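Participant: generate coordinates for the sequence data below:
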Amino acid sequence: MVDLVRSTPCNEGATVALQKSRRRVTAADIARSLGVSRATVGFVLNETPGQTISAATTERVLAEARRLGYRPHIAARALASGRSHLVLLVLPDWPIEYSLRENIDEATHALDEHGYALITYTPHEGARARPLWETLQPDVVMGLFPFSDTLIDSMRAAGVERIVPDPEEVSEVRYSEGGPRLQVEHLHDLGHRRLGFARPSDPRLFELADAREEAATAAAIELGLETPATLELNPAASEVDPPVSEWIEAGITGVVAFNDDVAAAIIGAAARAEIAVPQSLAVIGHDDTPMALMFEPRISSVRIDSTGLGHYLAALAIHAMDETPTPEWEQTSAVKLIARASTSVTPTTQE
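Facilitator: Okay, the predicted model is just below:
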């Protein structure tokens, strides 16, 4: 067994100068500091198989790399191995709320267990910065919804080979349908026959709100109810309360809220208007965030299986990279109704 180790002592002056330098520490710097060949350092740092480098030399190289603050060059390593071990999750231009944050956290942990790092990125219309798929060389670019043709063309031009959802398929992660159905069914079972769907005021959420309102409408029609009235809220910074009295005068007794924040805004407005919840107006939220337990009455809501969805997102990425079996996602088990005091009684008024 031969190690490519030179007999010359370490160049201490060069080491001191290197430590004072602000430039990136390279494998060549480690080799000079130890008095070994550049090839030896490269074999150790890259964990090159089939080499006959002793354990003692390997430990010396690694220890010196740590001491000098060596960090591998991601682009060079990716070029050499064909993998960056990065997964880029492209998010819609939504505020990062509780449920989405939980999903991302779970996906991050699940991917980390397989040796991959998850990076999130939100492209904005008219942005000048280059998209991250052009600079990071991710192994996979994935999104919660299918990408537009423009984004797909941009990814392909940057050399991205794995895109999830697959542009050739129509599958996508859809968790906007089951929750509204449970909300409507819950209010219907309590005897409510005239419902309203309360939308958020943030324009960034309008697309998701459209999907949830569409699902709520479909569920109501299947149950023989009228189409839920669309209830608009004022911007969050506004001191003008939602017109809950007008809703009740119109015969609405149950409100399907887009999320728990919207439900909380309505319950607060009802309290200020001296309207009893749930006796005169039942309100059910979505996402089952900590907010649902902070209000009185506590808010009925729909809980999303953040752990399951996060692991599913990670499994989709791993499937795209390693050709593992296609993961399955049961929409019906992804959401669960959590009944609390904001919907606990039969309505006292009906149209």
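
Participant: strands along this structure, start to end?
Facilitator: 86-90, 117-121, 140-143, 163-164, 195-198, 229-231, 254-257, 282-284, 301-304, 335-338 (DSSP state E).

Participant: go through these and name the closest to P243.
Facilitator: Comparing these by their distance to P243 (C-beta to C-beta), the top pick is strand 229-231, with 8.7 Å. Using the backbone N, CA and C atoms, a C-beta is placed for each residue, glycine as well.

Participant: rebuild the strands of the chain as JSON lines, extending it with mean neighbour count.
Facilitator: Formatted as JSON lines, the strands of the chain follow (neighbours: other C-beta atoms under 10 Å):
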{"stretch": "strand 86-90", "mean neighbour count": "24"}
{"stretch": "strand 117-121", "mean neighbour count": "16"}
{"stretch": "strand 140-143", "mean neighbour count": "23"}
{"stretch": "strand 163-164", "mean neighbour count": "23"}
{"stretch": "strand 195-198", "mean neighbour count": "26"}
{"stretch": "strand 229-231", "mean neighbour count": "17"}
{"stretch": "strand 254-257", "mean neighbour count": "30"}
{"stretch": "strand 282-284", "mean neighbour count": "29"}
{"stretch": "strand 301-304", "mean neighbour count": "24"}
{"stretch": "strand 335-338", "mean neighbour count": "18"}
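
Participant: list the contacts of stretch 99-110.
Facilitator: Identification of contacts with stretch 99-110 by C-beta atoms under 8 Å, 6 or more residues apart in numbering yields 89, 91, 94, 96, 118, 120, 259, 287, 289, 304, 306-307, 309-311, 313-315.

Participant: next step: these restricted to helices.
Facilitator: Residues of these located in helices (DSSP state H): S306, T307, L309, G310, H311, L313, A314, A315.

Participant: tell me the mean pLDDT for stretch 94-102?
Facilitator: What stretch 94-102 shows for mean pLDDT is 84.

Participant: got the end-to-end distance for it?
Facilitator: With C-alpha to C-alpha, to the nearest Å applied, stretch 94-102 spans 14 Å between its terminal residues.

Participant: that stretch: which residues count as buried?
Facilitator: Using 16 or more other C-beta atoms under 10 Å as the test for burial, stretch 94-102 gives E97, Y98, S99, L100, E102.

Participant: do the same with stretch 244-262
Facilitator: By neighbour count on 16+ other C-beta under 10 Å, the buried set for stretch 244-262 is 244-245, 247-248, 252-262.

Participant: and that stretch, how far apart are its ends?
Facilitator: For stretch 244-262, the first-to-last residue distance is 13 Å (C-alpha to C-alpha).

Participant: repeat that for stretch 34-50.
Facilitator: 22 Å.

Participant: mind listing what's buried in that stretch?
Facilitator: L34, V36, T40, V41, G42, F43, V44, L45.

Participant: residues contacting the fifth one?
Facilitator: Okay, so that is G42. So G42 contacts A27, T48 (C-beta under 8 Å, 6+ apart).

Participant: list phi and psi for Q51.
Facilitator: Main-chain torsions, Q51, degrees, to the nearest 10: phi -100, psi 150.

Participant: quick one: contacts for it?
Facilitator: Residues in contact with Q51 (C-beta under 8 Å, 6+ apart) are F43.

Participant: relative to G42, how far out is it?
Facilitator: Separation of Q51 from G42 (C-beta to C-beta, to the nearest Å) stands at 10 Å.

Participant: same thing with N259?
Facilitator: Taken as C-beta to C-beta, the span from N259 to G42 is 52 Å.

Participant: list the contacts of the residue nearest to V44 when sequence neighbours are not counted.
Facilitator: Excluding the flanking residues, the one nearest V44 by C-beta to C-beta, 6 or more residues apart in numbering is V61, at 4.2 Å. Residues near V61 by C-beta under 8 Å, 6+ apart: I30, L34, V36, T40, V41, V44, L45.
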